[in-house]
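Chemist: Here is a sequence with its predicted model. Questions after.
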Amino acid sequence: MTQRNAAAPESSRAAAERETPPRIVGAGTAVPALSYTQEELLDIYRIEDPRVRSVFRNSAIDRRHLTLPPEGPGGARRTETQGELLAKHREQGLDMGSRALQACLKDLDADPGEVRYLCCVSSTGFLTPGFSALLIRELGLARNCARLDVVGMGCNAGLNGLAAVTGWARSHPGELAVMLCVEACSAAYVFDGTMRTSVVNSLFGDGAAAVAVVSGGPHDKGGGPQVLRSASRIIPDAIEAMRYDWDDAAGKFSFFLDRDIPYVVGANAEAVVGELLAGTGLRRSDIAHWLVHSGGKKVIDSVMVNLGLTRHDLRHTTSVLRDYGNLSSGSFLFSFQRLREEGTVSPGDHGIFMTMGPGSTIETALLRW
């Protein structure tokens, strides 16, 4: 007679978490050379509408790195065509992406030829082939480097890309995987004087950020955080709240942000964090480091209130917004870099990545140092 095992079978998620979790072992960022204060941008674009000027001045942003169009007749900035904007997306994306990826590899003393998986994330234009193929050629990565392009998912997409990278690293122990967020947001601007476009134009900046991930092997020296698990929450009722539309009048794409999106995000933040921590034995008060997308002042405040966080908890999120604006998918990695530079992390600390974007979607990941 065969004795049956009374124990319930271990879930695939629990089994995966018993393995060596993938670890972030390096990071790098890059921005364009030129940056502008909000007042400088108001002057450059000769914006006189008091409503628009108020949006810029009350954004909690001091300065942003941007690639502005050249001056036209009379000194005004020339209006760019959609083709010129796509060219900017490619040129600036390759430049910033190359520098961020190289800085990331230098951070962990690795060569480009060691990268076995490259995931590129972007929402500021469309390319075929994508940044992954172009950067493999540009930087001399191995021809057998596996690749993925995550295109058009918006500000939450950095964590969607990180999920793919950590999954690949887990199934390829010891091999190096890199995620690169490349956002030339100035390639997605429409200047038509409306409040719709002015909100977007007052908020976003250009930047790229990369992280390297391994699961064991010589590059896993134990210094960076392990990525333990992730949780997502989509809000279908707000699916139109953040979107990229074709503007017939302008002859180009135009991004739209609903004025109520900060409150939608905040109202759903507690649920997704609860799901992320379920079964871990951790409470929100056990999280030492919060690295939240710098989506805008109202978004940050709404997340802070609904999760019971302090301004100190979100100091890196707010300082990145102040110094760079909203960098779309790579914003949370700029905050991560500031945490690393601060040197306040201790072994055993837990942290949470949180991003939010079109869908409307909130993405989270749980970290352990």
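Modeler: Looks like it arrived, so ask away.
Chemist: hang on, residue 282 packs against residue 348?
Modeler: No: applying C-beta atoms under 8 Å as the test, residue 282 and residue 348 come out as separate, 11.7 Å apart. C-beta: built from backbone N, CA, C; applies to glycine.
Chemist: Between those two, which is the more surrounded one?
Modeler: Higher neighbour count among residue 282 and residue 348: residue 282, with 16 against 8, using other C-beta atoms under 10 Å.
Chemist: Need phi/psi at the nearest residue to that one once chain neighbours are set aside.
Modeler: What sits nearest to residue 282 in space, not counting adjacent residues and going by C-beta to C-beta, 6 or more residues apart in numbering, is residue 350, at 6.2 Å. Phi and psi for residue 350, reported as degrees, to the nearest 10, are phi -110, psi 150.
Chemist: Show the average pLDDT along stretch 253-260.
Modeler: Averaged across stretch 253-260, the pLDDT comes to 82.
Chemist: tell me which residues of that stretch are tucked away?
Modeler: 253, 254, 255, 256, 257 (16 or more other C-beta atoms under 10 Å).
Chemist: now, among these, which is nearest to residue 268?
Modeler: residue 257 (16.6 Å; C-beta to C-beta).
Chemist: residues contacting the closest one?
Modeler: Counting by C-beta atoms under 8 Å, 6 or more residues apart in numbering, residue 257 touches 199, 200, 203, 241, 242.
Chemist: Just list whatever residues bridge to it.
Modeler: residue 242 (DSSP bridges).
Chemist: Likewise for residue 209?
Modeler: residue 29, residue 181.
Chemist: I figured it hits residue 181, correct?
Modeler: Yes: applying C-beta under 8 Å, one finds residue 209 in contact with residue 181, separated by 5.1 Å.
Chemist: Let me see the ranges of the helices in the stretch 151-300 of the chain.
Modeler: 157-171, 195-201, 261-277, 297-307 (DSSP state H, counting those that start in this stretch).
Chemist: Could you dump those helices into TSV and include mean neighbour count and distance to residue 33?
Modeler: Formatted as TSV, those follow (neighbours: other C-beta atoms under 10 Å; distance: least, C-beta to C-beta, whole Å):
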stretch	mean neighbour count	distance to residue 33
helix 157-171	23	23
helix 195-201	18	20
helix 261-277	19	32
helix 297-307	19	26
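Chemist: between those helices, which one is nearest to residue 223?
Modeler: With C-beta to C-beta as the yardstick, what comes closest out of the helices of the stretch 151-300 of the chain is helix 157-171 (16.1 Å).
Chemist: any shared contact partners between residue 209 and residue 181?
Modeler: Shared contacts of residue 209 and residue 181 (C-beta under 8 Å, 6+ apart): 158, 327, 330, 333.
Chemist: List the contacts of the first one.
Modeler: Read it as residue 158. Residue 158 makes contact with 121, 179, 181, 209, 293, 329, 330, 331, 332, 333, 355, 363, according to C-beta under 8 Å, 6+ apart.
Chemist: same thing but 6 Å
Modeler: For residue 158, the contacting residues are 121, 181, 329, 330, 332, 355, by C-beta atoms under 6 Å, 6 or more residues apart in numbering.
Chemist: so can I have a markdown table of these showing secondary structure?
Modeler: Compiled in a markdown table, the contacts of residue 158 are given as follows (DSSP: H, G, I helix; E, B strand; the rest coil):
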| residue | secondary structure |
| --- | --- |
| 121 | strand |
| 181 | strand |
| 329 | helix |
| 330 | helix |
| 332 | helix |
| 355 | strand |
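Chemist: and the two most separated of the residues you listed?
Modeler: Pairwise distances among those were taken by C-beta to C-beta; the largest, 11.6 Å, belongs to 121 and 332.
Chemist: more crowded one of the two?
Modeler: Remark: of residue 121 and residue 332, residue 121 carries more neighbours, 32 against 29, as counted by other C-beta under 10 Å.
Chemist: pretty sure that one contacts residue 181?
Modeler: Yes: Residue 121 lies in contact with residue 181 (C-beta atoms under 6 Å); the separation is 4.5 Å.
Chemist: ok, back up a step: show me the one of the helices of the stretch 151-300 of the chain that comes nearest residue 214.
Modeler: Per C-beta to C-beta, nearest to residue 214 of these: helix 157-171, 5.8 Å.
Chemist: mind exporting stretch 285-302 as CSV, just the C-alpha atoms?
Modeler: Only the C-alpha atoms of stretch 285-302 are listed here, as CSV (Å, rounded to 0.1, in the frame of the first residue of the first chain):
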residue,chain,number,x,y,z
SER,A,285,6.6,49.6,8.5
ASP,A,286,9.3,47.0,7.8
ILE,A,287,10.2,48.6,4.5
ALA,A,288,13.3,50.8,5.0
HIS,A,289,13.6,52.2,1.4
TRP,A,290,10.9,53.4,-0.9
LEU,A,291,11.9,54.1,-4.5
VAL,A,292,8.8,55.5,-6.2
HIS,A,293,8.4,56.8,-9.7
SER,A,294,8.7,60.6,-9.8
GLY,A,295,5.4,61.0,-11.6
GLY,A,296,4.7,64.6,-10.4
LYS,A,297,4.1,66.4,-7.2
LYS,A,298,0.4,65.4,-6.8
VAL,A,299,1.1,61.8,-7.6
ILE,A,300,3.9,61.6,-5.0
ASP,A,301,1.8,63.3,-2.4
SER,A,302,-1.1,61.0,-3.1
